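**Student:** one predicted model, sequence on top.
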Amino acid sequence: MPGILHVCRANLARSALAELATTTLLAQRGLDGVVPVSSAGTWTPGGQPIWPPAAQEALRRGWNPSAFVSRSINRAIINDADLVLAATRELRDEVLAQAPGALRRTFTWRELTWLLDGASADELASVWSEPDPGRRLRALADVARARRGLLVAPDGAEFDVRDPARASSENLPEVLSRGADQISHTIDVVMAAYLGPVS
């Protein structure tokens with residue numbers, strides 16, 4: 001599937017929430033179905049509903065998880081995507097080990113947020129002038145890469161979104177909420193850079 005591909009390990013929480021957040025925002029802008037959005041896991045059999053704690057977090061934020069079904073990643077899925085966004089640097093590297101040709105359009109969520117946050121209208125003009133959704137996503141990746149040398153990189157761990165499945169039961173609500181906040185911020189920044197000013 002072309003468009004945006006979100007990736008985590010099991011495709012039951014982080015990337016599922018990212019898919020739901022992206023589709024919800026696009027629907028709010030009247031672009032439901034215009035930009036394909038999907039997700040996948042690097043270590044999952046697929047075919048499962050969203051993890052119940054993640055479903056609760058999604059519902060709390062107005063993201064409807066009822067139709068979500070997980071799937072397993074493969075090289076074809078990666079190669080078809082115009083923009084690949086992973087939860088962590090490790091997962092980004094797993095994606096690129098399967099499909100090295102996706103290097104120029106693969107980032108972690110927080111890495112792409114760092115690169116695009118604060119991009120000027122002049123920098124994004126090449127994105128906004130592209131009418132084709134897929135080519136526009138690839139142009140967005142080009143802008144992000146061009147900005148890399150202009151910014152001071154944070155500690156690498158800042159680019160990762162923690163896996164809630166590894167949190168203790170006591171910390172789970174906090175870890176899920178923080179992760180969803182990070183994902184939501186990424187989607188806001190990336191989609192603002194992609195869609196341009198609201199007319």
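**Tutor:** Perfect, thanks for sending it.

**Student:** list the contacts of stretch 113-125.
**Tutor:** Taking contacts as C-beta atoms under 8 Å, 6 or more residues apart in numbering, the residues outside stretch 113-125 that touch it are 107, 140, 143-148, 151, 153-154, 158-159, 185-186, 189-190, 193, 196-197. Yep, even glycine has a C-beta here, placed from its N, CA and C like the rest.

**Student:** quick one: terminal-to-terminal distance for that stretch?
**Tutor:** Start-to-end span of stretch 113-125 (C-alpha to C-alpha, to the nearest Å) is 18 Å.

**Student:** which stretches of the chain form helices?
**Tutor:** For the chain, applying DSSP state H gives helices covering 14-28, 52-60, 75-80, 89-98, 109-116, 121-128, 133-147, 172-195.

**Student:** now the shortest one: average pLDDT?
**Tutor:** Within the predicted structure, the mean pLDDT of helix 75-80 is 97.

**Student:** ok, stretch 91-110 next?
**Tutor:** Mean pLDDT, computed over stretch 91-110, is 97.

**Student:** touching that stretch from outside, list them.
**Tutor:** 6-9, 18, 42, 73-75, 78-79, 81-89, 111, 115, 137-138, 141-142, 144-145, 158-161, 182-183, 186.

**Student:** and the contacts of stretch 113-125, which are buried?
**Tutor:** Neighbour-count burial (16 or more other C-beta atoms under 10 Å) applied to the contacts of stretch 113-125 gives 107, 140, 143-144, 147, 159, 186, 189-190, 193.

**Student:** tell me how far Ser38 lies from Pro197.
**Tutor:** 27 Å (C-beta to C-beta, to the nearest Å).

**Student:** which residues touch Gly46?
**Tutor:** Neighbouring residues of Gly46 by C-beta under 8 Å, 6+ apart: 11, 40, 69-72.

**Student:** between those residues, which is closest to Glu174?
**Tutor:** Distance to Glu174 across those (C-beta to C-beta) is lowest for Asn11, with 22.2 Å.

**Student:** tell me the backbone dihedrals of the closest one, please.
**Tutor:** Here is the backbone geometry of Asn11 (degrees, to the nearest 10): phi 60, psi 40.

**Student:** I'd say it and Ala40 touch.
**Tutor:** Yes. Judged on C-beta atoms under 8 Å, Asn11 makes contact with Ala40 at a distance of 5.5 Å.

**Student:** which of these two has more neighbours?
**Tutor:** Each of Asn11 and Ala40 has its neighbours counted (other C-beta atoms under 10 Å); Asn11 has more, 29 against 24.

**Student:** sorry, back to before: out of the contacts of Gly46, flag the one nearest to Gln48.
**Tutor:** If you rank the contacts of Gly46 by distance to Gln48 using C-beta to C-beta, Ser70 comes first, at 4.6 Å.

**Student:** roughly how far apart are the closest residue to that closest one other than its chain neighbours and Leu5?
**Tutor:** Spatial nearest neighbour of Ser70, chain neighbours left out: Asn11 (4.0 Å); criterion: C-beta to C-beta, 6 or more residues apart in numbering. Relative to Leu5, Asn11 is positioned 11 Å away (C-beta to C-beta).
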